[in-house]
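*Asks:* Predicted model and sequence follow; I will ask about them next.
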Amino acid sequence: MAQYAVGIDLGGTMIKAALVEREEGLVHELSVSTEAVFGPSHVLDRIAQAVRQVSEFAPGGDIQGVGIGAPGAINWERTTVLYPPNLPGWEEVNLQQELRNRLMTDMPIFVENDANLAGLGSAHYGAGRPYDAFIMVTLGTGVGGAIIYDNKIFRGTTGAAGEIGHMSIDYEGPPDRYGIAGAIEAYIGQRFLSHYARHRLLSYTDSLVHNMAGEDLVDLTPLMLFEAADQGDIYAREVLEWAGHKLGCVLASAVNLLDIRKIIVGGGVSAAGDYILDPARKAIVRSVMPSLRDGLAILRETLGNEVGMLGAARLVFEFLDEHSPSRTSLATG
């Protein structure tokens with residue numbers, strides 16, 4: 001019998017919702033503005049409405065539960081998001097209870113860090129399917145990370161494992177948004193990368209980005225860098241190569257620590273593809289212990305934003321597996 005769950009990707013700008021069938025994957029999706037400026041209660045109302053809308057596409061409107069990917073720290077019980085970035089007025093919000101109240105249900109509702117869910121979605125539906133262990137990196141507004149082991153999220157002792165974006169590659173480098181010197185996010189997070197590229201390319205007036213990014217390159221984005229690089233712009237390619245090299249350095253440290261040799265890269269900035277990933281592949285080989293180089297690979301996740309919603313729904317399916325009658329009887333028999 002088919003099982004359906006709803007996966008939510010909660011962002012500062014958009015709320016993305018998907019109906020997911022366990023085997024088939026994504027069945028239907030929608031996006032609505034977060035309207036975060038109106039505060040937590042308003043955003044929670046919008047999440048609840050998105051759940052109702054996509055649930056209508058399940059047979060009889062019957063879903064088994066809801067998974068939510070949110071930025072920031074999540075408590076061990078997967079109920080509460082703690083001080084998420086880009087959501088004004090949010091401190092500690094019990095998303096599970098708030099949504100149950102709005103949906104008037106006691107069905108399973110789980111909350112997890114959005115990068116962790118991108119990794120879980122990749123493991124079961126995306127580029128990570130061939131591997132039972134890999135490191136997930138999401139390149140977007142920030143740099144997120146997840147550790148997948150035995151096809152599950154490795155959560156550490158409090159649920160906060162995998163914060164690759166805040167690993168430092170230079171203890172005297174620029175600070176990230178948490179003040180960590182030389183963290184990789186302070187180099188290749190979307191805002192930081194755009195800032196670096198603007199100052200690097202202002203003096204190269206023959207770069208194609210000058211035709212895309214407005215006066216003084218004030219509107220420059222990583223996507224523009226990719227588009228220019230794809231049209232042969234050597235200056236844009238140099239910026240992306242610089243970013244890829246730094247990415248490879250931090251990934252090498254993760255491989256040396258974890259002995260996990262497959263890396264999946266997703267997120268908006270990953271659209272730059274091999275312009276970033278090829279330099280990362282070169283850098284990681286130079287910085288990984290020789291004994292860990294066999295089987296080393298950096299791959300791109302091609303499912304885009306879908307992978308996080310798929311991972312969110314997967315939390316529900318894992319819960320159902322853990323609480324199935326057959327499993328319960330084996331545990332108590």
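*Replies:* Right, received. Where do you want to start?
*Asks:* and Ser329, what pLDDT?
*Replies:* For Ser329, the model assigns a pLDDT of 41.
*Asks:* chain center to stretch 177-195: distance?
*Replies:* 16 Å (CA atoms, centre = their mean, to the nearest Å).
*Asks:* What are the buried residues along it?
*Replies:* 177, 180, 182-190, 192-194 (16 or more other CB atoms under 10 Å). (Each C-beta comes from the backbone N, C-alpha and C, glycine too.)
*Asks:* Quick one: low-confidence residue ranges for this structure.
*Replies:* Scanning the chain for pLDDT under 70 picks out 325-333.
*Asks:* what do you get if the cut-off is 50, keeping everything else the same?
*Replies:* 328-333 (pLDDT under 50).
*Asks:* Could you give the number of residues near Pro59?
*Replies:* 10 (other CB atoms under 10 Å).
*Asks:* Contacts only, for it.
*Replies:* 2, 4 (CB atoms under 8 Å, 6 or more residues apart in numbering).
*Asks:* Distance check, it against Ile180.
*Replies:* 48 Å (CB to CB, to the nearest Å).
*Asks:* all helices of the stretch 151-300 of the chain, in order?
*Replies:* Applying DSSP state H, counting those that start in this stretch to the stretch 151-300 of the chain gives helices spanning 185-188, 190-201, 222-230, 234-258, 274-287.
*Asks:* TSV please, covering those helices and showing distance to Val137.
*Replies:* Listed next are the helices of the stretch 151-300 of the chain as TSV, based on distance: least, CB to CB, whole Å:
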stretch	distance to Val137
helix 185-188	10
helix 190-201	14
helix 222-230	15
helix 234-258	7
helix 274-287	9
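*Asks:* Show me the one of those helices that comes nearest Leu103.
*Replies:* Proximity to Leu103 (CB to CB) singles out helix 190-201 among the helices of the stretch 151-300 of the chain, at 33.1 Å.
*Asks:* Give the other helices and strands that the closest one contacts.
*Replies:* Identification of packing neighbours for helix 190-201 by 3 or more CB pairs under 8 Å, 6 or more residues apart in numbering; DSSP states H and E yields helix 185-188, helix 222-230, helix 234-258.
*Asks:* who wins for proximity to Gly128 among the ones you listed?
*Replies:* Nearest of the helices and strands packed on helix 190-201 (CB to CB): helix 234-258, 14.9 Å.
*Asks:* which helices and strands does the closest one pack with?
*Replies:* Short answer (3+ CB pairs under 8 Å, 6+ apart): helix 234-258 packs on strand 133-139, helix 185-188, helix 190-201, helix 222-230, strand 262-266, helix 274-287.
*Asks:* give the contact list for Tyr171.
*Replies:* By CB under 8 Å, 6+ apart, the neighbours of Tyr171 are 181-182.
*Asks:* just the helices in the stretch 1-150 of the chain please.
*Replies:* Under DSSP H, counting those that start in this stretch, the stretch 1-150 of the chain gives helices at 40-55, 95-103, 114-125.
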